[in-house]
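Colleague: I would like to see how this sequence folds:
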Amino acid sequence: MIWFLYISIFTLSCGLLYLAGEMVVSGLMKLSRFLGWKEFVVAFIVMALAASLPNLLVGITSALQGHPELSFGDVLGNNLAALTIAVALAVFFSPKKEIPADSRTVQQTSRFTIIAAILPLILVLDGQLSASDGIILIGCFFAYLLWLFARSERFRLPYEKIIPCQPQSLKYHLLNILIIFGGVILVAIAAQGIVYSAVKIAELLGISLVLIGILAVGIGNALPQIYFAVSSAKKNETWLILGNLMGSVTIPATLVLGVVALIHPITIPDISLVFISRIFMIVTALLFVIFTYTGKKINRWESVILILLYFLFIILAILVS
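Modeller: Okay, here's the model as predicted:
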C-alpha cells in the first residue's frame, strides 16, 4: 500500500509538472515574440528558462530538505534526455527528417553548450559541488548572456517581423502573464511532491538519489523540452528546437546547479555512477557539436546514434547502482 501511495504521488506530481510547464512555456512564448527577439534566442533564453523552472524548484526544494544530490541527478538526466531523446524525436517528426544548424550564433552556442554540460562534472571530481563551484557555474551562465546581448544582430529580429504594440493586445499579454504566474505556482507544488516521493522510493528500494534523479526526475522534468521539440518540428520551426534544447542543457547545468550548490553543497558518494555519467555526457555533447558542424545539420542517422547512447547509459547506470 505504501508503495502505491508514493508511486501515485510521484506520477501525479510529474503530470502536474508537465501541465504547469506547458502553461509557463506557452505564456512566455507568446509574450517573448512581442519583444522582437530571434527565434533561436527566444527559445534559448525564454523557453529554456521557463522549461528549466521544474529543475530549479526541484533543486531548491531538495537542497532545503538536505538532499541536493537529487538535483544533481535530475540535471544529468535532463541534459542527457535533451541531447538524445528530444533531438531524435524532433528529427523524426520534422518534415525533412533533419534539423539545420547553419547559423553562426547556433554554431558558437553549441560550443558553449558542451562546456556548460561538462563543467559540473569536472567540478565534482573531488566528490562535491561547493558554494565556490556554484559561483563558477552561475558566472558561466551570465558570461554567455553578456556575450549574446553584446551585439544586437545576435538576438534581434528584423524590424518587419516584430509584433507591433496595439492597445487591444494589452489585455492579451496581461492574460499571458497571469498564465505564467499560475504555472509557476503549480510547478512549485509539483516539485514538492516529486522530491518527497523520490526520497521515499529511494529509501524503500535502497538505491541512490542520484540514480532516482537520472531515471525518474530527470526524464519527468525533460518532458516540456521533449514536447516542445516535437511540436516545433511538426511546424518546421527548427530554430526554436535547437535554441530550446541548448538552453535546456545550459541553464540547468550552470544556473540551477549553481543556485543549489550555494544553498547546500552537493556531495556525491557514488562516484562510479558519476564517472559513467561523465563519460556519456562528454561523448553525447561532443557528438552533438560534431553533428551540428558536419553538414551543418542533424540528420536521422545521427539522431539514432544519440538515442542509442541514451539507452546504453540507462542500462549501465542501473547495473552499477
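Colleague: Make sure His108 is indeed in a helix.
Modeller: You called it His, but residue 108 is Gln. Yes - under DSSP: H, G, I helix; E, B strand; the rest coil, Gln108 sits within a helix.
Colleague: got a pLDDT number for it?
Modeller: Looking at Gln108, its pLDDT reads 76.
Colleague: now what about stretch 185-195, what contacts it?
Modeller: Residues outside stretch 185-195 that contact it (CB atoms under 8 Å, 6 or more residues apart in numbering) are 9-10, 12-14, 16-17, 19-21, 23-24, 53-54, 57-58, 60-62, 65, 67, 70, 217, 220. Heads up, the C-betas are built off the backbone N, CA and C, glycines and all.
Colleague: nope, stretch 15-30 is what I meant
Modeller: So stretch 15-30 is contacted by 42, 46-47, 49-51, 53-54, 172-173, 176-177, 179-180, 182-187, 189-191, 193-194, 220-221, 223-224, 227-228 (CB under 8 Å, 6+ apart).
Colleague: Buried subset of those as a PyMOL selection?
Modeller: Burial among the contacts of stretch 15-30 is assessed by 16 or more other CB atoms under 10 Å; the matching PyMOL selection reads:
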select buried, resi 42+46+47+49+50+51+53+54+176+179+180+183+184+186+187+190+191+193+194+220+221+223+224+227+228
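Colleague: Sticking with Ile276, tell me its helix or strand.
Modeller: Secondary structure from DSSP states H and E places Ile276 in helix 271-293.
Colleague: Buried ones in that helix, by neighbour count?
Modeller: 273-274, 276-278, 280-281, 284-285, 287-289, 291-292.
Colleague: And the contacts of that helix?
Modeller: So helix 271-293 is contacted by 76, 79-80, 83-84, 87, 101, 106-107, 110-111, 113-114, 117-118, 121, 124, 127, 208, 210-211, 214, 242, 249, 268, 297-299, 302, 305-306, 309-310, 312-313, 316-317, 320-321 (CB under 8 Å, 6+ apart).
Colleague: of these, buried ones?
Modeller: Among the contacts of helix 271-293, those buried by neighbour count (16+ other CB under 10 Å) are 76, 79-80, 83-84, 87, 101, 106, 110, 113-114, 117-118, 121, 124, 208, 210-211, 214, 242, 249, 268, 297-298, 302, 306, 309-310, 313, 316-317, 321.
Colleague: wait, isn't Pro95 in contact with Glu237?
Modeller: No - judged on CB atoms under 8 Å, Pro95 makes no contact with Glu237 at a distance of 11.1 Å.
Colleague: of those two, who's got more company?
Modeller: Glu237 (16 against 10; other CB atoms under 10 Å).
Colleague: residue closest to the middle of this protein?
Modeller: Ser248 (3.0 Å; CA atoms, centre = their mean).
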